[in-house]
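# Provided below are the primary sequence and the corresponding predicted coordinates.
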Amino acid sequence: MSLPLKTTYAPMEALPATDLPLGPDWQYEPKWDGFRCLAFRDQSRVDLMSKAAKPLTRYFPELAANLSALAAKKFVLDGEIVIPQDGQLSFDALLMRIHPAASRIKKLSEATPSVLIVFDLLVDDRGKSLVDLPLKTRRQQLEQFAQKYFKNNESIRLSPVTEDLSVAKKWFHMGVALDGVVAKRRDLPYQSGERTGMQKIKKERTADCVVGGFRYLEGKPLVGSLLLGLYNDEGKLDHVGFTSSIHQKDRPDLTKKLKKLIKPPGFTGKAPGGPSRWSTKRSTEWQPLDPKLVVEVQFDHFTGGRFRHGTKFLRWRPEKSPRQCTLDQVKRENRSALNLL
């Protein structure tokens, strides 16, 4: 049986939640701060695919080599790529890998090697698909797979799991090492592209947004703020707010990058509003962009179809598809503390 290729599975996703679900049907896992990755092995071929079905293999050659070194010749693993650095997980080190120069990637792969933290097994070492099995069965088979093949391979590790709520709470408060907690239904099969069987409880309220446009600084030819968009149920990009928390040193290079992407209309749904008594003509002018860039922002409140205050820029998300940036992320607010505490 040949191994399904990289477009076969869309990763199962999680809904934002405000607290941990309770009951015997749920298990809890750490939420790792990295790049979601499906790892495919078919004999000598290894493919790493992002959440948005973009190839990651060339950016993490050391991980591909370590997967090739496993005795298992066929499998599909679902996990998260992270880079440990100075005792923590460095998202900046991950972003540095998304670079066009192979020589640069090779140097970084040797200086800051990546780790794949595995939390699901979709195809076993015989090439048999497991996606129709419930999670509790897949987890058992994953643990057996890890016991057999992950030994003496520090770059591929099994993610912990618990059914104990107190343990999950401890994970939530572990500091910067984790991004929160994920709850998964143990009785459900692997639901590609669906959000019904998983919930994520993050430490911060965050959203991945499309950059649909930008404004210049008052009186200066430099970017002042990014205009944020989310796709609505009709598939149109709505303007939902802005972020201006851009480091001054980053503005010149970012301005050059954005100017190359200027392309109307920018927003295909709700567009930025016109002048008001509080704004000047200059402050209402904005440049539309081709919707290719994704940014993660932190926010306080989302009501009436927009962020109520300016958001805080957290990081670029080059591994994510703009089309995945939907209003579903903010329909249920993702509070920064568990209601159960």
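Nice, thanks for sending it over. Treat the numbers as computed from the prediction; the structure is a model and nothing was measured.
# Can you read off the pLDDT for residue 276?
Residue 276 is assigned a predicted lDDT (pLDDT) of 36.
# shaky segments in this protein?
Counting by pLDDT under 70, the ranges of the chain that qualify are 1-8, 174-177, 274-284, 303, 332-341.
# domains of it?
Following automatic domain parsing, one gets these domains for the chain: 15-202, 206-331.
# Contacts only, for the nearest residue to residue 301 once chain neighbours are set aside.
Using C-beta to C-beta, 6 or more residues apart in numbering and skipping residues adjacent in sequence, the residue nearest residue 301 is residue 308, 4.3 Å away. Just so you know, the C-beta spots here come from the backbone N, C-alpha and C atoms, and that holds for glycine as well. With contacts defined as C-beta atoms under 8 Å, 6 or more residues apart in numbering, residue 308 is in contact with 300, 301, 302.
# was I right about the last one contacting residue 309?
In this case it means residue 302. No - contact criterion C-beta atoms under 8 Å: residue 302 and residue 309 do not qualify, at 10.0 Å.
# These two - which one has more neighbours?
residue 302 (21 against 11; other C-beta atoms under 10 Å).
# separation between that one and residue 327?
According to C-beta to C-beta, to the nearest Å, residue 302 stands 9 Å off from residue 327.
# And the longest helix anywhere in the chain, what does it pack against?
In terms of residue count, the longest helix belonging to the chain (DSSP state H) is helix 135-149. For helix 135-149, the packing partners by 3 or more C-beta pairs under 8 Å, 6 or more residues apart in numbering; DSSP states H and E come out as strand 26-31, strand 115-123, strand 156-158.
# what helices or strands is the strand ranked longest in the chain leaning on?
When the chain is scanned for its longest strand (criterion: DSSP state E), the result is strand 206-216. If contacts are counted by 3+ C-beta pairs under 8 Å, 6+ apart, strand 206-216 sits against strand 223-231, strand 237-243, strand 287-288, strand 294-298, helix 328-331.
# what comes into contact with the next helix or strand after the second one?
To tie it back to what came earlier, the one meant is strand 237-243. Counting by DSSP states H and E, the next helix or strand C-terminal to strand 237-243 is helix 251-259. Defining contact as C-beta under 8 Å, 6+ apart, one finds that helix 251-259 is touched by 211, 214, 217, 221, 222, 223, 246, 287, 289.
# Farthest-apart pair in these, please.
Spatially, the most separated pair among the contacts of helix 251-259 is 211 and 221, at 18.3 Å (C-beta to C-beta).
# Looks like residue 226 contacts residue 242 (just checking).
Yes - using C-beta under 8 Å, residue 226 is in contact with residue 242, at 6.4 Å.
# which of those two has more neighbours?
Neighbours per residue, other C-beta under 10 Å: of residue 226 and residue 242, the larger number sits with residue 226, 27 against 24.
# thinking again about what came up before, tell me how far the longest strand of the chain is from the chain's mean position?
Distance of strand 206-216 from its chain centroid, counting by C-alpha atoms, centre = their mean, to the nearest Å, is 16 Å.
# partners of it in the sheet?
Partners of strand 206-216 in the sheet, by DSSP bridges, are strand 223-231 (antiparallel), strand 287-288 (antiparallel), strand 294-298 (antiparallel).
# out of the ones you listed, which comes closest to residue 32?
Taking these one by one with C-beta to C-beta, strand 294-298 is closest: 14.9 Å.
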